[in-house]
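**Student:** My questions concern the predicted model and sequence given below.
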Amino acid sequence: MKKEKRLLRVGVLGCGPISQAAHLEATLKARNAELYAICDVAEDLVQKKAARFECRKTFTEYDARLGDPKVEAVIVAIADQFHVDSAIRALKAGKHVLVEKPLGTTISDCERLTAEVRDSELIAQVGTMKRFDPGIRDARRFLADEGGEIVALKAWYCDSIYRARPGASRHPRRAIERCHPWCSTR
């Protein structure tokens, strides 16, 4: 894919698993963006990922990266409980923001971020990669057209700090027991 002349200079906050699996590579491959900077508190990880993904700048302090006038947009890909505050700091620094899901850990935090976005002239988005997935779209259409009224919903989410290990059972009860041993259902 050919890169465009004008590239959006993106800074990624967090070099953990989601950044490694998705954001660093996607930003590098995007035709209209440049992986300009990465930031993480783990200096060794920053250096390793900077060498692998050839970004221009590295930071171990978020405010220093936000102070770089060349960073135009920020991807917030750190622990869930820090999403809202980090996104608000980026908006106040004049940066567009993509926040990894979940947007926040409380409704009031999400409302606080929403108000901040409305007060700015910046773009903020939640990284919901499956939103336009054809399978998800078709399932939604099927449920709307043929599924009838939804009377119950059962969902499962494993906290980002305690993800199931590779090879863990995909059955929610067993996966929860493996990533949260104190939550055993036995």
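**Tutor:** Yep, it's here.
**Student:** buried sites along stretch 44-61?
**Tutor:** Within stretch 44-61, the residues that qualify as buried are 45-46, 49-50, 53, 55, 57-59, counting by 16 or more other CB atoms under 10 Å. The way it works is simple: take the backbone N, C-alpha and C, and place the C-beta from them, glycine included.
**Student:** Filter these down to just the ones in helices.
**Tutor:** If you go by DSSP state H, the buried residues of stretch 44-61 have 45-46, 49-50, 53 in helices.
**Student:** what's the closest of these to A115?
**Tutor:** Distance to A115 across those (CB to CB) is lowest for V46, with 32.0 Å.
**Student:** Domain-wise, how is this structure divided?
**Tutor:** The chain resolves into domains spanning 8-130, 154-186 when parsed by automatic domain parsing.
**Student:** Can you tell me which of these is most buried?
**Tutor:** domain 8-130 (a mean of 18; mean count of other CB atoms under 10 Å).
**Student:** distance between the ends of that domain?
**Tutor:** 23 Å (CA to CA, to the nearest Å).
**Student:** Equivalent analysis for stretch 96-108, please.
**Tutor:** For stretch 96-108, the first and last residues are 21 Å from each other (CA to CA).
**Student:** What segments of this structure are strands?
**Tutor:** 8-13, 33-39, 57-59, 73-76, 96-100, 124-127 (DSSP state E).
**Student:** so which of the domains of the chain gets nearest R141?
**Tutor:** Of all those, domain 8-130 sits nearest to R141, with 14.6 Å by CB to CB.
**Student:** Tabulate the domains of the chain in JSON lines, adding columns for distance to L143 and mean pLDDT.
**Tutor:** Shown next, in JSON lines, are these (distance: least, CB to CB, whole Å; pLDDT from 0 to 100):
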{"stretch": "domain 8-130", "distance to L143": "15", "mean pLDDT": "94"}
{"stretch": "domain 154-186", "distance to L143": "14", "mean pLDDT": "47"}
